[in-house]
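Trainee: Sequence plus the predicted model coming up.
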Amino acid sequence: MADDPLLATLLGDRRFDDRLPDISQSAKAEREKAYREMFDRCMAIEGEALDESDRLSLEAFIVDAGSVIALSACRLEEWTVDPLQGPQVEFVNIESYQPIRTPAEGMAMTKRWGAVGRYFEVHVANLRKGIAEGKVAVRSCVEKVLDEVDEFLAKPVDQWAFLRPLAETHDDWTEDDRRRFSDSLKQSVSQSVHPGYSLYSKFLKTELLPNARPDSKPGIGHLPDGKNAYQKLIRIHTSLDLSPQEIHQTGLAEVSRINSEMQVLGEKVFGTDDRTEILSKLRTDKEIYFSNGDEIAEKAEKALARAKEAIGKWFGRLPKADCDVVRIGEHEQKHSTIAYYRPGAPDGSRPGRYYINTYAPETRPKYEAEALAYHESIPGHHLQIAIAQELEGLPEFRKNSGVTAFVEGWGLYSERLADDMGLYSSDLDRIGVLSYDSWRACRLVVDTGMHSMGWTRDQAISFMLENSALAKNNIVNEVDRYITWPGQALAYKIGQLEMVRLRQGAKSKLEGRFDNRKFHDALLGEGALPLSALRQVIENYGNS
């Protein structure tokens, strides 16, 4: 929590509200040293002498600590400029999950805002180090981030989210408390936040953009030691030892399989099995696109309500925490993904939140909205993460973190599970399931294509246009996400395929004794495990 104070605040641990993460090279060295020591201590433990729960904790922590060490060696901080989750977006979001209830919490926020300028100074120093070593971000990503920063700076300061807490009345505070908080917050914004964003804008414009990599070389493989780093990142995000070539071929096979399903369903919905014609209809028929943001929100809320009613038949363990639908803020929606989930606070002070992107609604298809809702909320991320947070008898790291392939694999698995649960409104909505499944299969192809096989950014965009029904603006944002976050996009389909195999294996083994509720409780009952550990959990479930 001390090492990642923003995560601490998000999870309701308020001890570190006055800090931002320390991204300096010295802090990185200390972090790596600490994890190496813990890793070595764990490796010395005899796993056979432990009970099952402790064996899982040991395996999970070894994978977790090993991932931190491997990620440190990849040195991503020296070149990554991220339009989706970079500091220029992340800092503006903090206010939404850092409530100010007491004067002490208010002063902690002023100190956090006071650290923004220094954070950008260190971020720029890391990127300058990358420039000197021939490691730089891709031009399109730099341009997007520069656009975000300059749009932010162009707004009147009194409209910045950093000052939004001043609108709260705090009737139980003294007049002196309110004045001190107001003066300190405004001072931090004027002396730290504004200079920090201005510094970042100038650096991007005058130093990084002239040196940026061309879009024809988006992959990490074009950077020094990039191919080795990519292999590490595959392991970090999937928890498995897979080669880029193996993943690429899996992706191609999945794309082909899902395309065949799309032809069958397209015949039912559109009267044609011509895939090019089906994709054309899905992209050009204005009747199946939203016309305003309220429609997007309404569709999301109705899907979530249906899922809440149905989960009791498919899951024995249900979370206490609720889930709400929230619109993505104006400051990030233009370059953000279609949606995302933010966990609730374990103490119940904040529910889980399913964030939807309502920007340019005419580009957002209605047929994808339900699959998206089931992935991000229930039975997807909210169900899995809220259950994990509420598990008893587990160490905290197993409740609040985990392997990407489990978390995102569960989200993708949930999109198909929702069909088994009878949650989709129509065959058109089921086309959204296939579109999204193909999208995640495409990720295996384009992520490995760019980072290992020399694909250009345009090649990746073209492949996804030809093999998914996503709108082009979403595809472009997605491809830029894969560029800045190598390997992460592989986790969805790798995890989903593993969970499907485990379910099929349990059905075959248990036959008439197979029970969906018990299977899903076993799958989610130990937190977000490495896939090798998950296999053992399901094997034990099948033997019980």
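Mentor: Here it is on my side, so go on.
Trainee: Let's see the distance spanning stretch 515-534 from one end to the other.
Mentor: Using CA to CA, to the nearest Å, the gap from the first to the last residue of stretch 515-534 comes to 18 Å.
Trainee: For that stretch, buried residues please.
Mentor: Neighbour-count burial for stretch 515-534 flags 516, 518-531, 533-534 (criterion: 16 or more other CB atoms under 10 Å). To be clear about C-beta, it is placed using only N, CA and C from the backbone, and glycine gets the same treatment.
Trainee: can you list the domain ranges for this protein.
Mentor: The chain breaks down by automatic domain parsing into domains covering 5-232, 233-496.
Trainee: and the longest one, average pLDDT?
Mentor: Per-residue confidence for domain 233-496 averages out to 94 on the pLDDT scale.
Trainee: Wait, residue 343 touches residue 10, no?
Mentor: Yes: counting by CB atoms under 8 Å, residue 343 does reach residue 10; the two are 6.8 Å apart.
Trainee: neighbour count winner among those two?
Mentor: More crowded of residue 343 and residue 10, by other CB atoms under 10 Å: residue 343, with 23 against 20.
Trainee: any idea how far the spatially closest residue to the more buried one that is not a sequence neighbour is from residue 406?
Mentor: Distance criterion CB to CB, 6 or more residues apart in numbering; nearest residue to residue 343, sequence neighbours excluded, is residue 385 at 5.0 Å. Distance of residue 385 to residue 406, computed by CB to CB, to the nearest Å: 11 Å.
Trainee: roughly how far apart are the closest residue to residue 10 other than its chain neighbours and residue 21?
Mentor: Nearest residue to residue 10 in three dimensions, chain neighbours excluded: residue 97, at 5.3 Å (CB to CB, 6+ apart). Using CB to CB, residue 97 is found at 15 Å from residue 21.
Trainee: ditto for residue 361
Mentor: Taken as CB to CB, the span from residue 361 to residue 21 is 35 Å.
Trainee: And for residue 496?
Mentor: 31 Å.
Trainee: show me the contacts for residue 488.
Mentor: Listed by CB atoms under 8 Å, 6 or more residues apart in numbering, the contact partners of residue 488 are 233, 237, 404, 482.
Trainee: Secondary structure element holding residue 341?
Mentor: Using DSSP states H and E, residue 341 sits within strand 339-342.
Trainee: Leaving aside the residues adjacent along the chain, what's closest to the residue nearest to the spatial centre of the chain?
Mentor: Centroid-nearest residue in the chain: residue 340, 6.7 Å away (criterion: CA atoms, centre = their mean). Spatially, and ignoring its direct neighbours in sequence, residue 340 is nearest to residue 355 (5.2 Å; CB to CB, 6+ apart).
Trainee: Following the chain onward from the one helix or strand that neighbour maps to, which element is next?
Mentor: Per DSSP H and E, residue 355 falls inside strand 352-356. Next helix or strand after strand 352-356 toward the C-terminus (DSSP H and E): helix 369-376.
Trainee: tell me the contacts of residue 383?
Mentor: 311, 315, 318, 319, 377, 414, 524.
Trainee: if I read this right, residue 227 contacts residue 454, doesn't it?
Mentor: No: the criterion here is CB under 8 Å, and residue 227 misses it with residue 454 at 10.8 Å.
Trainee: joint contacts of those two?
Mentor: Joint contacts of residue 227 and residue 454 (CB under 8 Å, 6+ apart) are residue 221.
Trainee: rewinding a little: contacts for the strand holding residue 341?
Mentor: Contacts of strand 339-342 (CB under 8 Å, 6+ apart): 10, 97, 328, 352-357, 372, 376-377, 380-382, 385.
Trainee: Swap in 6 Å and give it another go.
Mentor: Strand 339-342 is contacted by residues 353, 354, 355, 356, 357, 372, 376, 381 when judged by CB atoms under 6 Å, 6 or more residues apart in numbering.
Trainee: Residue 324 sits in which helix or strand?
Mentor: Per DSSP H and E: residue 324 is located in strand 323-327.
Trainee: who does that strand touch, helix- and strand-wise?
Mentor: Contacting strand 323-327 under the criterion 3 or more CB pairs under 6 Å, 6 or more residues apart in numbering; DSSP states H and E are the following elements: strand 352-356.
Trainee: Off-centre distance for the strand it packs on?
Mentor: 12 Å (CA atoms, centre = their mean, to the nearest Å).
Trainee: Check stretch 230-250 too.
Mentor: Averaging C-alpha positions (CA atoms, centre = their mean) puts stretch 230-250 18 Å from its chain's average.
Trainee: could you show me where the helices are in the stretch 51-200 of the chain, in order?
Mentor: With DSSP state H, counting those that start in this stretch as the definition, the stretch 51-200 of the chain shows helices at residue ranges 52-74, 87-93, 103-114, 116-132, 139-154, 175-188, 194-203.
Trainee: Next up, identify which helix or strand the residue nearest to residue 73 when sequence neighbours are not counted is on.
Mentor: Of all residues not flanking residue 73 in the chain, residue 232 sits nearest, at 6.6 Å (CB to CB, 6+ apart). Element membership for residue 232 (DSSP H and E) is helix 226-238.
Trainee: Can you list the buried residues in that helix?
Mentor: The neighbour-count check on helix 226-238 (16+ other CB under 10 Å) flags 226, 229, 230, 231, 232, 233, 234, 235, 236, 237, 238 as buried.
Trainee: per-residue confidence for the residue nearest to residue 209 when sequence neighbours are not counted?
Mentor: Of all residues not flanking residue 209 in the chain, residue 142 sits nearest, at 5.3 Å (CB to CB, 6+ apart). pLDDT, residue 142: 98.
Trainee: residue contacts, residue 142?
Mentor: When contacts are counted by CB under 6 Å, 6+ apart, residue 142 touches 81, 204, 208, 209, 212.
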